[in-house]
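K.L.:
I would like to see how this sequence folds:
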Amino acid sequence: MTYETLLLEIDANVALLTLNRPSVLNALNTTLLHELDHAIQELAADPAIRAIILRGAGGKAFAAGADISELAALDPAQAEQQSLRTQQLFRRIETLPKPVLACIEGYALGGGCELAMACTLRLANSSARLAQPEIKLGLIPGYGGSQRLPRLVGRGAALKLLLTGAVIDATEAYRIGLIDELVEAGSDALLARALELARLIASMPPLALAAAIESVDQGAGLPLDEALALEVRIFGRLCGTDDKREGTRAFLEKRQPVWSGR
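P.N.:
All right, here's what the predicted structure looks like:
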């Protein structure tokens, strides 16, 4: 598929997916969200792809939020449908059995911050600015922000951001846990680090990668005893795979494993 609002590059087993509306700071309009949904499903189905990097074009923004011109025209029923569709897309990204690394440069505001929070890991450089400013439009986040933000940074820090709409810099975002890694240098260094981390993760056995994401995601909402039981089941399932047999054999034979994804 040829995309109007995305760029897709493949580097061995890592996909580099770029939101490509730099003239409007990569605002998330209907076309971009539709194309992103298509691209994510295509990459999920491609066994050659082991990790995905998501970034914004232009160097000024990861994504500056929803397209306000579209948002202004929504009535309540349309708004609910838009919120539901986008939440489903972001949930698909969050639960994808392949890690998605958000590479944040410049603004990640509103829906852009929500998209970043749905990714497996968030890397940023010192130019990053993050916020959930929906309160200033008479709204709350509609793409999962009011739920993911407190899970990432805690109730108090989340409410402070949600109730004030304050924009925080990369240092503060890193301090409260909204981003996972801060790269001090510019865009080239940020992308290089994201690629380095994505390649490292992509070198791991794909079934175990998917299982780790599944275990953390599903276990987060369970009481500890139920979450531990979930871990037992997933651990047992992996012990029946070819990759587990190859991994243990390679360790004992002091060689690098060759993963089959079976």
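
K.L.:
who's in contact with the helix or strand of the chain with the lowest mean pLDDT?
P.N.:
In the chain, the helix or strand scored least confidently by mean pLDDT, DSSP states H and E is helix 68-72, which has a mean of 88. Helix 68-72 has contacts (C-beta atoms under 8 Å, 6 or more residues apart in numbering) with 27, 29, 30, 137. Quick note: C-beta positions are derived from backbone N, CA and C, even for glycine.

K.L.:
now stretch 243-252
P.N.:
205, 206, 207, 208, 238, 256, 257, 258, 259, 260, 261, 262.

K.L.:
how about stretch 185-193?
P.N.:
For stretch 185-193, contacts defined as C-beta under 8 Å, 6+ apart pick out 53, 55, 59, 103, 105, 123, 124, 125, 127, 181, 183.

K.L.:
at 7 Å instead, please
P.N.:
Residues outside stretch 185-193 that contact it (C-beta atoms under 7 Å, 6 or more residues apart in numbering) are 59, 103, 105, 123, 125, 183.

K.L.:
show me the contacts for residue 131.
P.N.:
Residue 131 is in contact with 109, 113, 161, 165, 166, 167, 168, counting by C-beta under 7 Å, 6+ apart.

K.L.:
now these as JSON lines including distance to residue 227, neighbour count and secondary structure?
P.N.:
What follows is the contacts of residue 131, written out as JSON lines (distance: C-beta to C-beta, whole Å; neighbours: other C-beta atoms under 10 Å; DSSP: H, G, I helix; E, B strand; the rest coil):
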{"residue": "109", "distance to residue 227": "33", "neighbour count": "24", "secondary structure": "strand"}
{"residue": "113", "distance to residue 227": "27", "neighbour count": "33", "secondary structure": "helix"}
{"residue": "161", "distance to residue 227": "28", "neighbour count": "27", "secondary structure": "helix"}
{"residue": "165", "distance to residue 227": "34", "neighbour count": "15", "secondary structure": "coil"}
{"residue": "166", "distance to residue 227": "33", "neighbour count": "14", "secondary structure": "coil"}
{"residue": "167", "distance to residue 227": "35", "neighbour count": "16", "secondary structure": "coil"}
{"residue": "168", "distance to residue 227": "31", "neighbour count": "19", "secondary structure": "strand"}
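
K.L.:
now the buried members of the contacts of helix 68-72.
P.N.:
For the contacts of helix 68-72, a burial check counting by 16 or more other C-beta atoms under 10 Å picks out 27, 29.

K.L.:
nearest residue to residue 21 other than its sequence neighbours?
P.N.:
Spatial nearest neighbour of residue 21, excluding adjacent residues (C-beta to C-beta, 6 or more residues apart in numbering): residue 5 at 5.5 Å.

K.L.:
that older thread, and the least confident helix or strand of the chain, what's buried?
P.N.:
By neighbour count on 16+ other C-beta under 10 Å, the buried set for helix 68-72 is residue 71.
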